[in-house]
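Asker: Let's see this in three dimensions:
(one chain, ligands or ions: 1)
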Amino acid sequence: MAAIINGKDVAAKIREEVAADVKKLEQQGITPGLAVVIVGDDPASKTYVKNKKLACEAVGIYSEEYALPANATQEELLTLVHQLNKKQDIDGILVQSPLPDGFNEQLVIENINPQKDVDAFHPVNVGRIMIGDYSFLPCTPAGVIELIHAAGVEIQGKRCVVIGRSNIVGKPMAMLLLHEHGTVTVCHSRTEHLAQICSQADILVAAVGKAKFVKEDMVKEGAVVIDVGMNRDENGKLCGDVDFNSVEKKVSFITPVPGGVGPMTIAMLLKNTVTAAKHQAGIVD
Ligand code: NAP
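Answerer: I've put the predicted structure just below:
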């Protein structure tokens, strides 16, 4: 039976560290500020934005929310982003994804000042992650690395398999594991012999977006399994990409859904916002 890696606990510890950092900055007259932009009224996005705002408040980060209607234009959104780029009390900008149809999300990301890009999606930050010289880590993959560390698992030399190659999870995840000296394989929808490749992984990260996709026969005995997925099962219940009940019996560590990777994403966003504030104030850690 696997040990459960509790993302809520690890995230709580990171939030405490962030709150302590914010206090120190306050003594120097600096209050980190985050602007969250939402377009349209997708209920899930609204919940994410609300949670991010509450999380900011809890650690002392100043936050602003900008809600544009679904019929706003790309130009209006870009104008807002440019205003936020210049705003002195805002250190981090996050445009909640997905944007409604008709918006060019990549163009919006590319208009965010890379120094305020706390999601680390701007090509400048993506490039920095590639070469290993980065200020911001993409929140979800960075959260996964923290969870592996929290479990006391060494990544160096391990065979790591990432299922998924999206720009926001799979690709940066593979890159961070590589920086930690893992031997990394990235799988996707065209991968042949997927189960066989996964079953050789010492560390398996699932970022597929398919409920209970990873079954017992796809994991190695004693592996570490990190489940990034956030899906609904046949009963509408939140579940991950891993079939938790069967896989859990075979592996050494596993993250649950909910309560695994999810809480880490917001914690890492808070951390990135503080990093952005420090950099903009000329403070180097
Ligand atoms: P995505 O953009 O849809 O990417 C899914 C990836 O899975 C793609 O690379 C796709 O391959 C691959 N894939 C799909 N079907 C497959 C199959 N049958 N076999 C192998 N690979 C397959 O999703 P995402 O944005 O990366 O998110 C992945 C999951 O993580 C979702 O459930 C999402 O909700 C969740 N998520 C959670 C958090 C969090 O904070 N916990 C944050 C972000 C995302 P192709 O590239 O070939 O299409």
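
Asker: switch to C-alpha atoms for all contacts and neighbour counts from now on
Answerer: Noted.

Asker: Now do the strands in the stretch 51-200 of the chain.
Answerer: Ranges of strands within the stretch 51-200 of the chain are 62-68, 92-95, 159-163, 183-187, based on DSSP state E, counting those that start in this stretch.

Asker: okay, the ones you listed in a markdown table with mean pLDDT and distance to Pro258 next?
Answerer: Converted to a markdown table, the strands of the stretch 51-200 of the chain look like this (pLDDT from 0 to 100; distance: least, Cα to Cα, whole Å):
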| stretch | mean pLDDT | distance to Pro258 |
| --- | --- | --- |
| strand 62-68 | 98 | 26 |
| strand 92-95 | 98 | 23 |
| strand 159-163 | 99 | 19 |
| strand 183-187 | 98 | 24 |
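
Asker: phi, psi of Val219?
Answerer: phi -120, psi 150 (degrees, to the nearest 10).

Asker: for it, what are its contacts?
Answerer: Ala195, Cys198, Ser199, Gln200, Ala201, Leu204, Val247, Lys250, Val251 (Cα atoms under 8 Å, 6 or more residues apart in numbering).

Asker: and with 7 Å instead?
Answerer: Cys198, Ser199 (Cα atoms under 7 Å, 6 or more residues apart in numbering).

Asker: Ala2: which of the strands of the stretch 51-200 of the chain is closest?
Answerer: Judged by Cα to Cα, the one of these that comes nearest to Ala2 is strand 159-163, at 18.1 Å.

Asker: What parts of this protein come near the ligand?
Answerer: Within reach of the ligand by Cα under 6 Å from any ligand atom, the chain has these residues: 140, 163-166, 168-170, 187-190, 207-209, 228-231, 261-262, 265.

Asker: Repeat the analysis, applying 8 Å as the threshold.
Answerer: Contact residues, the chain versus the ligand (Cα under 8 Å from any ligand atom): 139-140, 163-170, 187-191, 194, 206-211, 213, 228-231, 240-241, 260-266.

Asker: TSV for the strands of the stretch 51-200 of the chain, including distance to Gln83 and mean neighbour count?
Answerer: Output for those, formatted as TSV (distance: least, Cα to Cα, whole Å; neighbours: other Cα atoms under 10 Å):
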stretch	distance to Gln83	mean neighbour count
strand 62-68	12	16
strand 92-95	11	25
strand 159-163	38	25
strand 183-187	38	19
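
Asker: Please report how far Pro263 lies from Val284.
Answerer: Pro263 is 27 Å from Val284, where distance means Cα to Cα, to the nearest Å.

Asker: Between the two, point out the one with more neighbours.
Answerer: Between Pro263 and Val284, counting by other Cα atoms under 10 Å, Pro263 is the more crowded of the two (19 against 8).

Asker: that's a helix at the more buried one, yeah?
Answerer: Yes: using DSSP: H, G, I helix; E, B strand; the rest coil, the secondary structure at Pro263 is a helix.

Asker: Please compute how far stretch 7-26 lies from its chain's middle.
Answerer: 17 Å (Cα atoms, centre = their mean, to the nearest Å).

Asker: tell me which residues of that stretch are tucked away?
Answerer: Neighbour-count burial for stretch 7-26, counted by 16 or more other Cα atoms under 10 Å, picks out 7-11, 14-15, 18-19, 21-23, 25.

Asker: Tell me which residues touch Asp243, please.
Answerer: Lys212, Phe213, Val214, Lys215.

Asker: Tell me the one of these nearest the ligand?
Answerer: Using Cα to the nearest ligand atom, the shortest approach to the ligand within the contacts of Asp243 belongs to Phe213, at 7.9 Å.

Asker: Burial check on the nearest residue to the closest one once chain neighbours are set aside, number of neighbours?
Answerer: Nearest non-adjacent residue to Phe213, counting by Cα to Cα, 6 or more residues apart in numbering: Asp241, 5.1 Å away. Other residues lying near Asp241 total 25 when counted by other Cα under 10 Å.

Asker: what does Val208 give?
Answerer: Applying other Cα under 10 Å, I find that Val208 has 27 neighbouring residues.

Asker: That one: what secondary structure?
Answerer: Classified using three-state DSSP, Val208 is coil.

Asker: thought it was touching Asn231?
Answerer: No: taking contacts as Cα atoms under 7 Å, Val208 lies outside contact range of Asn231: 9.8 Å.

Asker: Tell me which of the strands of the stretch 51-200 of the chain approaches Val153 most closely.
Answerer: strand 159-163 (12.2 Å).

Asker: What is the distance between the closest one and the centre of its chain?
Answerer: On Cα atoms, centre = their mean, the centre of strand 159-163 falls 17 Å from that of its chain.
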